[in-house]
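1. Take a look and give me a structure for this.
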Amino acid sequence: MDDIIRQNLIDAGCDKNFIERYESCGCDKKQQEKMLSAHRKELLDEVHEKERCISCLDYLVFMMKKEEST
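-> Predicted coordinates:
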C-alpha cells in the first residue's frame, strides 16, 4: 500500500486492524469503498452523538441563566 494512502487512513481515524483489512482487499476497489463508506458512517454517527451532547449542555446553560434572571 502506498504510504500516502496509509497516512490518510491513519489521519481519518482508522485503526491498525482496519488498515490491515483494507490492505488485504488488494485490488477489490468495491470492497475498499464499502469499508471507507462504513467508516465514514461511524464517524458521522459519532459527530451526531456529540452534537446531541452539546445541545443538552446548551439547554442546561440556558435553563441556568433563565433561572438566574427570575
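
2. Show me where this structure dips below the pLDDT cut-off.
-> For the chain, applying pLDDT under 70 flags no range at all.

3. which residue ranges form the strands in it?
-> Applying DSSP state E to the chain gives no strands.

4. Of all the helix elements in it, which one is longest?
-> Counting residues, the longest helix found in the chain (DSSP state H) is helix 29-68.

5. what comes up buried for that helix?
-> 32, 35, 39 (16 or more other C-beta atoms under 10 Å). Any C-beta I mention is one placed from the backbone N, CA and C, and that applies to glycine too.

6. Show the contacting residues for the nearest residue to the first one once chain neighbours are set aside.
-> Closest residue to Gln32 in three dimensions, ignoring its sequence neighbours and counting by C-beta to C-beta, 6 or more residues apart in numbering: Cys25, at 5.0 Å. Shown here is Cys25, whose contacts under the criterion C-beta atoms under 8 Å, 6 or more residues apart in numbering are 31-32, 35.

7. need the contact list for the spatially most central residue of the chain.
-> For the chain, the residue nearest the mean C-alpha position is Leu43 (1.7 Å; C-alpha atoms, centre = their mean). Leu43 makes contact with 12-13 under the criterion C-beta under 8 Å, 6+ apart.

8. Can you give me the distance of it to Ile54?
-> Remark: distance between Leu43 and Ile54 (C-beta to C-beta, to the nearest Å) = 16 Å.

9. same thing with Asp3?
-> Relative to Ile54, Asp3 is positioned 36 Å away (C-beta to C-beta).

10. now swap in Ala12 and tell me
-> Counting by C-beta to C-beta, the gap from Ala12 to Ile54 is 22 Å.
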